[in-house]
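Enquirer: Could you look at this predicted model? Sequence included:
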Amino acid sequence: MAADLKPAYIEELDERGDLKVWIVDGAYIRSHVDEEFVNFGQHYRYTYIPINELWIDREAEHDERRFFIDHLLVEHRLMAAGMPYQQALPKADQAERRERRRSGDMSSMTNHGQNLPDGKDVHERLWQKLKTGISVYIVNGRLVRSVFDIDFTEGGHDYVYEFVPENEVWIDDAIVEAERGYVLLHELHERNRMAKGVPYDTAHAESSRLEYHCRHHPDELHDKLVDEGWG
C-alpha cells in the first residue's frame, strides 16, 4: 500500500495471482490525486497505482465489480507485455462485454432482443428540470455500460452521446451522493460550451479544470452551478 495514497484505500476485495484487488475511494482520488480517475484502474494506465494492485472505485449502487476485474486483468497483462493502452483497451473491453452479456442486462432491457434499447429506460429519477429546458437525470450506470457504451463514466449529455435523449444530462448512479454536484457542474458546463460551438476536447478540458477547482473550493460549487443554469 502506498503511504501517500493510504486515505484512498477502503478494503481489499480479492487476489488474482500476485495482484491485489482494492476497493478505493474514487472521490478522494479525483479530489487529491487525479481528477480523470474513472471507475477502475491499474498501474500501466495510472502510474500512481502500485504495479501489483488493481483499483475499483466504490459504488453507490449496482454491483459491477466482476465486470471491472475481468477488464483490468486483461488490460494489466497486455500493457505489462508492452502493448499501448489504446490497443489494450478494446481487448479489455471485449472481456468485460462478454461478462456483461452473461449477466443478462441487455436481455432484460430489450425483452430478450424483441425491442431496441431506449435511453429513457435507464432513467432512475429526475434530479431537476432546468429553466433552460434541460432535464438532469440520475441514471442506472450499469445498464448504460452494458447496453449503450461500456466506457460511460460519471456522466454525459446529448451533445456527446447519441443515445442520450435530446436536452438531457445524465449523472451515473455509481457516483456517491457527495460527489454528484462536481460531476453535474462538469457536464452542464461542457454541454453549455458545446451548445455554443466549442469542440468537445476544448469544452471537456475547460470543464475538467472547473470541476477540479471546485473540488478544492467546495464553497464555490453552488454559485458555479447557478452560473450554468442550475436552480
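Expert: Received the coordinates, thanks.
Enquirer: Please state the backbone phi and psi of residue 170?
Expert: Dihedral pair for residue 170: phi -110, psi 140, per degrees, to the nearest 10.
Enquirer: now residue 173
Expert: Phi and psi for residue 173, reported as degrees, to the nearest 10, are phi -70, psi -10.
Enquirer: show me what contacts the closest residue to it other than its chain neighbours?
Expert: In space, and not counting its chain neighbours, residue 173 is closest to residue 61: 4.4 Å by Cβ to Cβ, 6 or more residues apart in numbering. The way it works is simple: take the backbone N, C-alpha and C, and place the C-beta from them, glycine included. Residues near residue 61 by Cβ atoms under 8 Å, 6 or more residues apart in numbering: 140-142, 173-174.
Enquirer: burial of residue 218, as a residue count?
Expert: 12 (other Cβ atoms under 10 Å).
Enquirer: hmm, back to that, would you say the residue nearest to residue 173 is within a helix?
Expert: No. Using DSSP: H, G, I helix; E, B strand; the rest coil, the secondary structure at residue 61 is coil, not a helix.
Enquirer: quick one: secondary structure of residue 55?
Expert: Judged by three-state DSSP, the three-state class of residue 55 is strand.
Enquirer: Start and end of stretch 42-53, how far apart?
Expert: End-to-end distance of stretch 42-53 (Cα to Cα, to the nearest Å): 7 Å.
Enquirer: All the strands of this protein, residue numbers only.
Expert: Along the chain, counting by DSSP state E, strands occupy 9-16, 19-24, 40-42, 53-57, 123-129, 135-139, 155-157, 168-172.
Enquirer: Now residue 71. Nearest residue, chain neighbours left out?
Expert: Excluding the flanking residues, the one nearest residue 71 by Cβ to Cβ, 6+ apart is residue 96, at 3.9 Å.
Enquirer: before we move on, the earlier item: can you say which of the strands of the chain is nearest to residue 84?
Expert: Evaluated with Cβ to Cβ, the strands of the chain place strand 40-42 nearest to residue 84, the distance being 14.3 Å.
Enquirer: rewinding a little: before we move on, what's the pLDDT of the residue nearest to residue 71?
Expert: Residue 96 is assigned a predicted lDDT (pLDDT) of 96.
Enquirer: Show the contacting residues for it.
Expert: Neighbouring residues of residue 96 by Cβ under 8 Å, 6+ apart: 67-68, 70-71, 150.
Enquirer: What lies in contact with stretch 83-90?
Expert: With Cβ under 8 Å, 6+ apart as the test, stretch 83-90 has contacts from 44-45, 74-75, 78-79.
Enquirer: how near is residue 86 to residue 78?
Expert: Distance check for residue 86 against residue 78: by Cβ to Cβ, to the nearest Å, it reads 11 Å.
Enquirer: Tell me which of those two has more neighbours.
Expert: residue 78 (18 against 7).
Enquirer: what pLDDT does the more buried one get?
Expert: According to the model, residue 78 carries a pLDDT of 98.
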